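*Asks:* Got a predicted structure plus its sequence, pasted below:
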Number of protein chains: 2
Amino acid sequence: MIRKDGEQIVIPAAVIKRLPKYHRHLVRLLHQGVEKISSREFGKIVRVSAPQLRQDLNHFGNFGQQGYGYNVEKLYIALSKVIGIEKKSNMVLIGVGNLGQALINSTDFKRRGFHLAAVFDINPRLIGMTINGIKVRDITDLADYVQGHNVNIGVITVPENAAQKAAEELIAAGVKGIWNFAPVDLDLPKDVSVENEHLTEGLLRLSFKIKGKTKFNNKN
Amino acid sequence: MIRKDGEQIVIPAAVIKRLPKYHRHLVRLLHQGVEKISSREFGKIVRVSAPQLRQDLNHFGNFGQQGYGYNVEKLYIALSKVIGIEKKSNMVLIGVGNLGQALINSTDFKRRGFHLAAVFDINPRLIGMTINGIKVRDITDLADYVQGHNVNIGVITVPENAAQKAAEELIAAGVKGIWNFAPVDLDLPKDVSVENEHLTEGLLRLSFKIKGKTKFNNKN
C-alpha cells in the first residue's frame, strides 16, 4: 500500500490477517457507544498483547495517544480505509442453495459495510422468489446486472462442478473479486482477487488442534 | 507433536496451515487413481514450490523417494495421522438453520473422514424432521447422545446470541473440539480446541486484496 507521503510500505501478512478481527471488534465497540479504548483493553478483547497491537496499528498511521488510548471511531474509519471498505461494496451471489440462503439471511455483512445487491440461480423454481427482501434472478441476467450496478464482488455458493463457470461469468461481467465457497481452487486471471472459504479445511485444523491437546494431556 | 523416536518436534504454524490443502488434493488424487506424484507436480497442484513442499512434508517423516516421487496413498495416510483423522471422527451439530442445513447436506466432510452423527435444534417445527438422512433431535437430548456415541467435535451454527450457551452444553457433554460458525469469540476452557469460521472476515480480506490490486493497476 501507499501512504499519504507517497512512501510505499509493505505490511506483513500476519498483520493483514489480524485486521479483520480488529475491525469486527471496533464495529461492536462503536455499536456499544465506546468512544476510546486503551491498547491494553483492546488487546484483551482481540486476544493480542498490547505491544503487538500497537505495533500492528502503527503500520497504518499514528492512531493512539499516550495516556489516552485509541479513539474507537477514528480507528474504525482508518482500518475501514486500509481494508478498502470505506465505501459500501456491492456484491452479487450465485447459487441460492442452503449456503447461499444462509449468506442472504446474514446480518453480519451489512453492518460491516457490504451490500448484497442481487442473487442469481439457474433453477426456475427459485428464480422470482424473494429471500430476506432480495429477489432471486435468472443467471442469464448476471452480466447486465453487474455492469449496471457497480458490483465489485461476486460470491460463489454453487456446487463444486459449477464453480469455475460461475467465476468466469462474474469476471466477464467485470467483477474484481471472488468470494468462493465451493471446495475447489479456481483458475482466475491475475488481476482478479479471490478469497476461498474451504470450510472443511477448518475442520481439519480443528482435528489437528484436538490431537495436539490430547497428546499433551496424556503426557501429564 | 512427538515423533516415533520420542523426540518432540515443533511444526511451524505456516506448515500446519498448509496441511489441510495438501490433504484435500491427496484425497482427490486418490479418487482419481493416481499412485505416485513428484514434488514438482504436486507442488504445481497445491501452488507451493517443490522445495517448499519437500521441506514441509519432511517435518512429518521421509515420504518421498528421489527420482520416484511420493506414493499418494502413503502420503495421504501419513498426513491423515498427523492431522488426527486416521479414524473417523464423530461430530454433532447444533442449529439447523440455513447454514446448518448447508453443512448437513455437504458431501465434503464425509470424504475427508468426518461423520456427522446427529444434529440438534430447539425449534419444535424442526425436531423430528430428517435432512440428508439425519434426524433433527431435541437439544435437551444432547448430553445423552454425546456421551453415548463417542462424539469429539461439536459444530455450532446457532445465532450469535446462542453460541456461548451451545458451546457450554457441548463441553459439559464431553466434546473436545468446537467448530464455531457464529460471529463471536467463545469463552472456552483451555483443554477445549476451537476453530472459528468468522465468514465476514474472509470478505474483509478479499476487500483488502481487491484494494491492493486496484492501486497497483492504477500505478501502471
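*Replies:* Noted; the coordinates are in hand. Not measured: the values here are computed from a predicted model.
*Asks:* Does the longest strand along chain A reach chain B?
*Replies:* The single longest strand within chain A, with elements called by DSSP state E, is strand A:114-121. Yes - counting by C-beta under 8 Å from any C-beta of the partner chain, contacts between strand A:114-121 and chain B involve residue A:114. All C-beta spots, glycine's among them, are computed from the backbone N, C-alpha and C.
*Asks:* Buried residues in that strand, which are they?
*Replies:* A:114, A:116-121 (16 or more other C-beta atoms under 10 Å in any protein chain shown).
*Asks:* Name the strands paired with it and say parallel or antiparallel.
*Replies:* strand A:89-94 (parallel), strand A:134-138 (parallel) (DSSP bridges).
*Asks:* Considering the ones you listed, which stretch scores lowest in mean pLDDT?
*Replies:* Sorting these by mean pLDDT places strand A:89-94 lowest, at a mean of 93.
*Asks:* and it, how far out from the chain's middle?
*Replies:* Put simply, strand A:89-94 sits 12 Å off its chain's centre (C-alpha atoms, centre = their mean, to the nearest Å).
*Asks:* Flag the shaky bits of chain A, pLDDT-wise.
*Replies:* Scanning chain A with the threshold set as pLDDT under 70 gives A:1-9, A:63-66, A:214-220.
*Asks:* same thing but 80
*Replies:* A:1-11, A:13, A:60-68, A:85-89, A:107-108, A:111, A:212-220 (pLDDT under 80).
*Asks:* which residues of it fall in helices?
*Replies:* Secondary structure of chain A (DSSP state H): helices at A:13-31, A:39-46, A:50-58, A:72-83, A:98-105, A:108-111, A:142-148, A:163-172, A:199-219.
*Asks:* among those helices, which is the most enclosed?
*Replies:* helix A:98-105 (a mean of 22; mean count of other C-beta atoms under 10 Å in any protein chain shown).
*Asks:* by contact count, what packs against that helix?
*Replies:* For helix A:98-105, the packing partners by 3 or more C-beta pairs under 8 Å, 6 or more residues apart in numbering or on different chains; DSSP states H and E come out as strand A:89-94, strand A:114-121, strand A:130-131, helix B:98-105.
*Asks:* Minimum distance to residue A:154: which of those has it?
*Replies:* strand A:89-94 (5.6 Å; C-beta to C-beta).
*Asks:* rewinding a little: deepest of the strands paired with strand A:114-121, which one?
*Replies:* strand A:89-94 (a mean of 23).
*Asks:* quick one: contacts of that strand?
*Replies:* A:100, A:103-104, A:109, A:113-121, A:139, A:142, A:145-146, A:149-158, A:166, A:169-170, A:175, A:179, B:207 (C-beta atoms under 8 Å, 6 or more residues apart in numbering or on different chains).
*Asks:* same question, stretch A:96-105
*Replies:* For stretch A:96-105, contacts defined as C-beta under 8 Å, 6+ apart pick out A:93-94, A:109, A:116, A:119-121, A:123, A:126, A:129, A:131-132, A:134, A:136, A:155, A:157-159, A:181, B:97-99, B:101-102, B:105, B:199.
*Asks:* likewise stretch A:190-203?
*Replies:* So stretch A:190-203 is contacted by A:171, A:175-181, A:183, A:185-186, A:188, B:20-21, B:24, B:103, B:106, B:108-109, B:112, B:114, B:153, B:179, B:195, B:197, B:199, B:202-203, B:205-206, B:209-210, B:212-213, B:217 (C-beta under 8 Å, 6+ apart).
*Asks:* still on that earlier bit, may I see the helices and strands packed on helix A:98-105 organised as a markdown table, with distance to residue B:59 added?
*Replies:* Output for the helices and strands packed on helix A:98-105, formatted as a markdown table (distance: least, C-beta to C-beta, whole Å):
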| stretch | distance to residue B:59 |
| --- | --- |
| strand A:89-94 | 39 |
| strand A:114-121 | 38 |
| strand A:130-131 | 46 |
| helix B:98-105 | 31 |
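*Asks:* of those, which approaches residue A:40 most closely?
*Replies:* Closest to residue A:40 of those is strand A:114-121 (C-beta to C-beta; 31.0 Å).
*Asks:* chain center to that closest one, what's the gap?
*Replies:* With C-alpha atoms, centre = their mean, you get 15 Å for strand A:114-121.
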